[in-house]
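# Need the 3D shape of this:
(chains A and B)
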Amino acid sequence: MPEVLTAPLAVEFPFTRSLGPVQSAFLTGLRERTVLGVRARDGRVVVPPVEYDPVTADELRDLVEVAPTGTVTTWAWNPSPRRGQPLATPFAWVLVRLDGADTALLHALDAPGPDAVRTGMRVRIRWAAERTGAIGDIACFEPAREGAGEPAEEAAGVGAGAPRVGANGSRRGGEAPLRGHNADGQGDIPAGGAGGAGGAGGTGAAEAAEAAEGTGAAETTGTTSTTGPGRTTGSPGTAGCPGTAAYQPQAHSGQFGEPVTGIIAAARLDYVYAPGRTQSRYIQGLAERRTLGERCPACRKVYVPPRGACPTCGVATAEQVEVGPRGTVTTFCIVNIKARNLDIEVPYVYAHIALDGADLALHARIGDIPYDQVRMGLRVEPVWAEGARYPDHYRPTGEPDADYDSYKELI
Amino acid sequence: MSEPVRGPVREVAIVAFGQSEHVPDSSETSEVEMLMPVLHDVLAQTGLAARDIGFTCSGSSDYLAGRAFSFTMALDGVGAWPPISESHVEMDGAWALYEAWVKLLTGDADTALVYAYGKSSPGDLREVLTRQLDPYYVAPLWPDSVALAALQAQALLDAGLTDARELAGIGARSRGGADTGPGRQVVGPLRTGDCPPVVDGAAAVILAAGDTARRLADRPAWIRGLDHRIEAHGLGVRDLTDSPSTRLAAERAGAFDAPVDTAELHAPFSSQEVVLRRALRLDAPDCAVRVNPSGGALAANPVMAAGLIRLGEAAAAIRRGDAHRALAHATSGPCLQQNLVAVLEGER
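Below is the predicted model of the structure:
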């Protein structure tokens, strides 16, 4: 039993993905610290928004703005953050139903430990300092003090809070025309809410947060609040303001300057590739400048390179047979396009070579001969660079060409 | 909605089942080297040669191997020359079995070889599985498979539908009662005892129709119904404590038409068995259904093969005479996103 070989194999696939109109509005919104949802056919507000209804598959385009605060609907404590995850220190995975939304968004919650996390707790978005229009624009969630004064606390500047309200104000001012969609015509709800958070709002938030524990209670609470004293009196800072679970989603055009139209989804997976017993034997043989095929016990054909099974008979090949080193070009092509990261001048010839004693042709580059003089039947042999573990290329042996009949079955 | 399929136009049965040893690291064997003995095993059980098989279908995932079209290499173990009628799903082999079942129902073939394999050892499975998630909103956060299952487990705990003791009991029972405690926390509330072992392995079954099945096996496990259903991909859209797709697939497969005596559930996490038992109504006080006598996915979870193994184990129980009417379930995706249910019976 030879040593089984392994080698690192990194697979990277930086897909460039285009966004549909709803995804574009959502991710552009995150860049602008605005969270958008979409209203589904059944009236639910879906956040993060989808292009098609999760139930009916209808196209959805009815965007609404929800609050950057919400309620944890379930969580999981992650004691060992892994590569690529939102936080490098232990954190909680959370599904958060943002105020105004009826579905939950997955993200990380920055919390000191599992004892500080529970379902039903109030949280708010911590925005990334640099935002590009991606889900990572939400750096994570952070606990929001339950009950009184959440919007005020934002204004007081916990974390990114202080600069945020200022930025929000100026941004919202600049986009004032877009706010005309507000159903109740209240204008800049978030700013008003932040300024007016008082006893009444705080009480509302506490009740709402409590009600939101369990299932679907937030919806009911929200419905109540639209007809409640807060709305009818028109005073800001009541149950309908952001920072409370009763927040009412506001219609939004989804229009922003310089919309994000695509994302580059970078991904890398690291593997340790192990080719198995048969191919390990073959590769180790090459390092000793021997080419080892394997014979099928049923049809007696010798396969090189061997992969452990006869592809015709479906049985294991076990008997090792040294083949070559010389062989015959059975067919070939002329490569005219330079491959990236490959230091070979074009044009060059790549050929199928039937090594003497093998019943399957392997492929390799033909060198030491002008590319336009390579031909079927050409006799070749491997060329080993100093210290190399495998042949660099094959070159002509100088023998007369092989007779066509001798290799026609191997083409 | 059309009526559920009852009494298929053709009777189709599982007539052979085989599986490899499931090992943490199979670096000594390539995929085909791991798979081939299993293929030979099921062929030998029926006396069929590879060339006698009417249709071949397999399930696997390139993401496990990190190589494109890796399944084509596995075909070397089938003996695909002269050219065979063949198909592949980038899914658990249970869905390959579904395709083969449909193929046999059409009358295009009388026998089918279905196989599946998964080598998780070359990569980091928890990272690899993040690549099946929504690439816009979820995959960039790299939430690993245990984390997503843990969110579901916590939702169950919050809803009062299970507790830590029950979860630990499921893990211990699945591993043959070797109760060594729930283990360390992986992603809370899930502990090592709640999570499946990461293993490499392969499995295969042979399907046959009608009298061919009776000729190939003493006691074929007849597929009385088979259906699969999927739910919305947004985790936050779903109620993670329930599995309406499992329930609907079971209804359409006829699982509730008569009592089953055995259920093989593909629940990679202990908490998911709780969800499935509720969806499949296996939690009734008077319910005497044996759940996962094989140990289930908590005992061995070769990704892409573990679902097919549930069908194979259920069929094997029928063929041994240990079961008469069995339910087999397979799942795919995070938090039981997609579910397949089969109802198998011995000869009436």
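
# By mean pLDDT, point me to the weakest helix or strand of the chain.
No chain specified, so I'll use chain A. helix A:229-233 (a mean of 30; mean pLDDT, DSSP states H and E).

# other chain: chain B
helix B:70-74 (a mean of 87).

# What helices and strands are in contact with the next helix or strand after that helix?
Heading C-terminal from helix B:70-74, the first helix or strand you meet, by DSSP states H and E, is strand B:86-89. Contacting strand B:86-89 under the criterion 3 or more Cβ pairs under 8 Å, 6 or more residues apart in numbering or on different chains; DSSP states H and E are the following elements: strand B:55-59, helix B:93-105. Every residue, glycine included, has its C-beta placed from N, CA and C.

# quick one, which of those is nearest to B:Phe17?
Closest to B:Phe17 of these is helix B:93-105 (Cβ to Cβ; 10.7 Å).

# Grab the CA positions of the closest one and hand them over as PDB.
C-alpha atoms of helix B:93-105 as PDB (Å, rounded to 0.1, in the frame of the first residue of the first chain):
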ATOM      1  CA  GLY B  93     -29.900  10.200  -4.100                       C
ATOM      2  CA  ALA B  94     -33.400  10.000  -2.800                       C
ATOM      3  CA  TRP B  95     -34.300  12.400  -5.600                       C
ATOM      4  CA  ALA B  96     -32.400  10.300  -8.100                       C
ATOM      5  CA  LEU B  97     -34.600   7.400  -6.900                       C
ATOM      6  CA  TYR B  98     -37.700   9.600  -7.500                       C
ATOM      7  CA  GLU B  99     -36.500  10.200 -11.100                       C
ATOM      8  CA  ALA B 100     -35.900   6.500 -11.600                       C
ATOM      9  CA  TRP B 101     -39.300   5.600 -10.200                       C
ATOM     10  CA  VAL B 102     -41.000   8.000 -12.700                       C
ATOM     11  CA  LYS B 103     -38.900   6.400 -15.500                       C
ATOM     12  CA  LEU B 104     -40.100   3.000 -14.500                       C
ATOM     13  CA  LEU B 105     -43.700   4.200 -14.200                       C
END
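
# strands paired with the helix or strand that it is followed by, and their directions?
Using DSSP H and E, the helix or strand that follows helix B:93-105 towards the C-terminus is strand B:111-118. As defined by DSSP bridges, the strand partners of strand B:111-118 come to strand B:55-59 (parallel), strand B:201-209 (antiparallel).

# how about the nearest residue in space to A:Ala361 that is not next to it in sequence, phi and psi?
Once flanking residues are discounted, A:Ala361 sits nearest to A:His352: 4.0 Å by Cβ to Cβ, 6 or more residues apart in numbering or on different chains. Backbone dihedrals for A:His352, given as degrees, to the nearest 10, come out at phi -90, psi 130.

# OK, contacts around A:His352?
Residues near A:His352 by Cβ atoms under 8 Å, 6 or more residues apart in numbering or on different chains: A:Val329, A:Thr330, A:Thr331, A:Phe332, A:Ala361, A:Leu362, A:His363, A:Leu410, A:Ile411.

# who's it bridged to?
Per DSSP bridges, the residues bridged to A:His352 are A:Thr331, A:His363.

# And the pLDDT for it?
For A:His352, the model assigns a pLDDT of 97.

# so how far is A:Cys313 from it?
22 Å (Cβ to Cβ, to the nearest Å).

# likewise B:Ser271?
46 Å.

# just to revisit the earlier point, what comes into contact with the least confident helix or strand of chain B?
Helix B:70-74 has contacts (Cβ under 8 Å, 6+ apart) with A:Arg307, B:Ser30, B:Glu31, B:Val32, B:Leu35, B:Ser58, B:Ser60, B:Asp62, B:His88, B:Tyr115, B:Tyr117.

# In it, which residues are buried?
Taking 16 or more other Cβ atoms under 10 Å in any protein chain shown as the basis for neighbour counts, the residues of helix B:70-74 that come out buried are B:Ser70, B:Phe71, B:Met73, B:Ala74.

# Nearest residue to the middle of the chain?
Reading this off chain A. In chain A, the residue lying closest to the centroid (Cα atoms, centre = their mean) is A:Ala265, at 5.3 Å.

# look at chain B instead
Closest-to-mean residue, chain B, Cα atoms, centre = their mean: B:Gly307 / 0.8 Å.

# shouldn't that one be in contact with B:Ala94?
Yes. Using Cβ atoms under 8 Å, B:Gly307 is in contact with B:Ala94, at 3.5 Å.

# confidence score at residue 3?
Using chain A here. With respect to pLDDT, A:Glu3 scores 76.

# my question was about chain B
56.

# Which residue is the nearest non-sequential neighbour of the residue of the stretch 101-250 of chain A found nearest chain B?
In the stretch 101-250 of chain A, the residue that lies nearest chain B is A:Ala104 (3.1 Å; Cβ to the nearest Cβ). Excluding the flanking residues, the one nearest A:Ala104 by Cβ to Cβ, 6+ apart is B:Gly236, at 3.1 Å.

# what residues are up against residue 270?
I'll assume chain A. By Cβ under 8 Å, 6+ apart, the contact set of A:Asp270 is A:Pro8, A:Leu9, A:Ala10, A:Val11, B:Gly123, B:Asp124.

# meant chain B, my bad for not saying
Contacts here follow Cβ under 8 Å, 6+ apart; on that basis B:Ser270 touches B:Ala153, B:Leu167, B:Ala168, B:Ile170, B:Gly171, B:Ser174, B:Leu190, B:Gly193, B:Asp194, B:Leu298.

# Then B:Glu86?
B:Phe55, B:Thr56, B:Cys57, B:Ser58, B:Leu75, B:Val78, B:Ala80.

# Just give me the neighbour total for B:Ala68.
When neighbours are defined as other Cβ atoms under 10 Å in any protein chain shown, B:Ala68 has 9 of them.

# Pretty sure it sits against B:Asp62.
Yes. Under the criterion of Cβ under 8 Å, B:Ala68 makes contact with B:Asp62 at 5.6 Å.

# Low-confidence ranges, the chain, go.
Reading this off chain A. For chain A, the stretches with pLDDT under 70 are A:1-2, A:146-243.

# wrong chain, I was asking about chain B
When residues are selected by pLDDT under 70, those of chain B lie in B:1-8, B:178-180.

# Can you list the residue ranges for helices in the chain?
With no chain named, the answer covers chain A. A:21-31, A:150-156, A:161-174, A:189-196, A:199-212, A:217-227, A:229-233, A:276-287, A:404-407 (DSSP state H).

# oops, chain B please
Counting by DSSP H, the helices of chain B are B:31-46, B:62-65, B:70-74, B:93-105, B:125-128, B:145-158, B:164-174, B:210-216, B:244-253, B:270-279, B:296-299, B:306-320.
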